[in-house]
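Chemist: The sequence isn't on hand, but the structure is:
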């Protein structure tokens, strides 16, 4: 079984264990621990805390995260967000008093806490059962049943999201790293990482898009290094020449070259990207040398419980390539490494609360089918996203590669991807080299879009950008063999737009104008026609569900269109 197959199978098994919290008075029957699991095996849970989420969302709805701090409609410090809208001292004290002193860690966002307990204590406190499921050589220890909140915390804790733990060897021992969360795993067949892969080894042979990777994706929570060693990337002058040409064409076609020429290319910017797997220095160095970009210090932070065996590193490399193409003066970047299948809000919170500094932009190409997530998981994630907007961090999310059927191919009904469906993010779809909506129906991939089933009136994407492999630059990657290959999908489009928005807003702020972050804090925000190239051809309907087709103005296949960054910087 391939690594991708393991991920999808694990996600399918865990979906049945999805749990939320209750506070009923019925007696709890606690099952016995699975065979081979010690009573002191540590497990982790996220506890949503009582907070003023409605008040925070109202503030986010009128905040421009790229505005002038402290100005009208501008952001406020993250510490102030936590103090005004997060858990009160009373709530924090009550939670701290209930658990051992080193068991609980409060998020700097103010909205939740991480709890680590021996599995026997977690069973007793929350009424959870546990089971071990095996997929190939991976054993997953996952919670079963519906967690209950301890009596003395019922007025303090609003959500309980248990994490699972993954065994990465032959199943003989349990890992000490936390893993997939039943509250947020996608079902089998759900696109988790939006990169459609071509297997071509060099630029001149990479001529077609192929099926989107179905890697289940995630977010988690511990510090560490996400940059690992790899062998050298073989020199390939033809591939490098194609990469330079295609990259320069993309920058010029979107007007970003005008912003760069004015001196705005990400100098001193703080950028975070969320990716599924680690990246390796050799491909990064080869890419930067090829495009003539100065060295970029990639700082790795683990926000994941476990990584699946033989996890590919393409996703992180693709994100870094797109961001550095958009920001030729960027000198540092934080990679938040996500795991196999976990609560999406944890990676977002890890990026937002980075001790090295709050980022100006977070780009995520990790997606979940919106209607396969629990309300509890979405609600707690929305607190984090609203906190980001209020504190001045723009979050840019890929809209997915399953067209208007984000749960496909197993479930072709209409659905959109999360977190792209959140009203607190800028959602980015895709176009091909002709300017039509990016789609390859034969491979069941297309730019994501549609109407949210959770957020009333939210339609996505907000914008679109180039996503087709024949038109994108080849990148060096090790999978595990090192070489130059082309990849397609909104995984490239989203981080490219994220980086470009940093450059645009540097230009605007320097000129004394507020930054732009359309699509954030509201839905279907009208922007000037000169700032986009309208997409009127193509669609993203893969399964004949009557959605969605591009047309004049905003549509659910391409949003407002492809941004013209030079116009945005001057407007």
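Modeler: Structure received. Here the structure is a predicted model, which is why all the values come from computation and not from measurement.
Chemist: which stretches of the stretch 51-200 of the chain form strands?
Modeler: Using DSSP state E, counting those that start in this stretch, the strands found in the stretch 51-200 of the chain span residues 104-106, 112-118, 129-135, 138-144, 157-162, 165-167, 196-197.
Chemist: Worst mean pLDDT among those?
Modeler: Across those, strand 196-197 has the smallest mean pLDDT, namely a mean of 42.
Chemist: next structured bit after it?
Modeler: Proceeding C-terminally, strand 196-197 gives way to helix 237-253 as the next helix or strand, assigned by DSSP states H and E.
Chemist: Against which helices or strands is that following helix packed?
Modeler: Here helix 237-253 touches helix 256-261, helix 281-291, helix 314-326, strand 482-485, going by 3 or more Cβ pairs under 8 Å, 6 or more residues apart in numbering; DSSP states H and E. Using the backbone N, CA and C atoms, a C-beta is placed for each residue, glycine as well.
Chemist: Now do the second one against helix 237-253, angle only.
Modeler: Taking axes from the mean of the first three to the mean of the last three Cα atoms, to 10 degrees, one finds helix 281-291 and helix 237-253 inclined to each other by 60 degrees.
Chemist: buried ones in the helix or strand following helix 281-291?
Modeler: Using DSSP H and E, the helix or strand that directly follows helix 281-291 along the chain is strand 297-302. By 16 or more other Cβ atoms under 10 Å, the buried positions in strand 297-302 come out as 298-302.
Chemist: can you give me the strands for the stretch 351-500 of the chain?
Modeler: So, for the stretch 351-500 of the chain - with DSSP E, counting those that start in this stretch - the strands run 361-364, 368-369, 394-398, 417-418, 426-431, 439-440, 445-446, 450-451, 459-460, 463-466, 475-478, 482-485, 487-488.
Chemist: picking that back up, rebuild the strands of the stretch 51-200 of the chain as JSON lines, extending it with mean neighbour count and distance to residue 379.
Modeler: Formatted as JSON lines, the strands of the stretch 51-200 of the chain follow (neighbours: other Cβ atoms under 10 Å; distance: least, Cβ to Cβ, whole Å):
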{"stretch": "strand 104-106", "mean neighbour count": "16", "distance to residue 379": "18"}
{"stretch": "strand 112-118", "mean neighbour count": "21", "distance to residue 379": "11"}
{"stretch": "strand 129-135", "mean neighbour count": "18", "distance to residue 379": "24"}
{"stretch": "strand 138-144", "mean neighbour count": "25", "distance to residue 379": "19"}
{"stretch": "strand 157-162", "mean neighbour count": "26", "distance to residue 379": "7"}
{"stretch": "strand 165-167", "mean neighbour count": "25", "distance to residue 379": "24"}
{"stretch": "strand 196-197", "mean neighbour count": "26", "distance to residue 379": "31"}
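Chemist: Throw those strands into TSV and include distance to residue 509, thanks.
Modeler: Shown next, in TSV, are the strands of the stretch 51-200 of the chain (distance: least, Cβ to Cβ, whole Å):
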stretch	distance to residue 509
strand 104-106	33
strand 112-118	32
strand 129-135	49
strand 138-144	46
strand 157-162	37
strand 165-167	43
strand 196-197	35
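Chemist: Between those, which one is closest to residue 387.
Modeler: In terms of Cβ to Cβ, the element of these nearest to residue 387 is strand 112-118, at 10.7 Å.
Chemist: Scan the chain for its longest helix.
Modeler: helix 490-510 (DSSP state H).
Chemist: Return the list of helices and strands in contact with it.
Modeler: Going by 3+ Cβ pairs under 8 Å, 6+ apart, helix 490-510 lies up against helix 256-261, strand 271-275, helix 314-326, strand 361-364, strand 394-398, strand 426-431, strand 463-466, helix 565-570.
Chemist: tell me the angle of that helix relative to helix 237-253?
Modeler: In terms of direction (the same axes, to 10 degrees), helix 490-510 departs from helix 237-253 by 50 degrees.
Chemist: any idea of the mean pLDDT for helix 490-510?
Modeler: 95.
Chemist: most packed of the helices and strands packed on helix 490-510?
Modeler: strand 426-431 (a mean of 33; mean count of other Cβ atoms under 10 Å).
Chemist: mind checking how far that strand is from the chain centre?
Modeler: Its chain's C-alpha centre and that of strand 426-431 lie 13 Å apart, by Cα atoms, centre = their mean, to the nearest Å.
Chemist: Please parse this protein into its domains.
Modeler: 3-167, 196-570 (automatic domain parsing).
Chemist: how far out from the middle of the chain is the first one?
Modeler: Put simply, domain 3-167 sits 18 Å off its chain's centre (Cα atoms, centre = their mean).
Chemist: wait, isn't residue 108 in contact with residue 355?
Modeler: No: shown here, residue 108 and residue 355 do not form a contact pair, counting by Cβ atoms under 8 Å, at 9.1 Å.
Chemist: of these two, who's got more company?
Modeler: Set residue 108 next to residue 355 and count neighbours by other Cβ atoms under 10 Å: residue 108 wins out with 18 against 8.
Chemist: I'd like to know the predicted local confidence at that one, please.
Modeler: What the model reports for residue 108 is a pLDDT of 97.
Chemist: separation between it and residue 163?
Modeler: According to Cβ to Cβ, to the nearest Å, residue 108 stands 19 Å off from residue 163.
Chemist: same deal with residue 377?
Modeler: Separation of residue 377 from residue 163 (Cβ to Cβ) stands at 12 Å.
Chemist: Between those two, which has more neighbouring residues?
Modeler: residue 163 (32 against 27).
Chemist: confidence score at the more buried one?
Modeler: 82.
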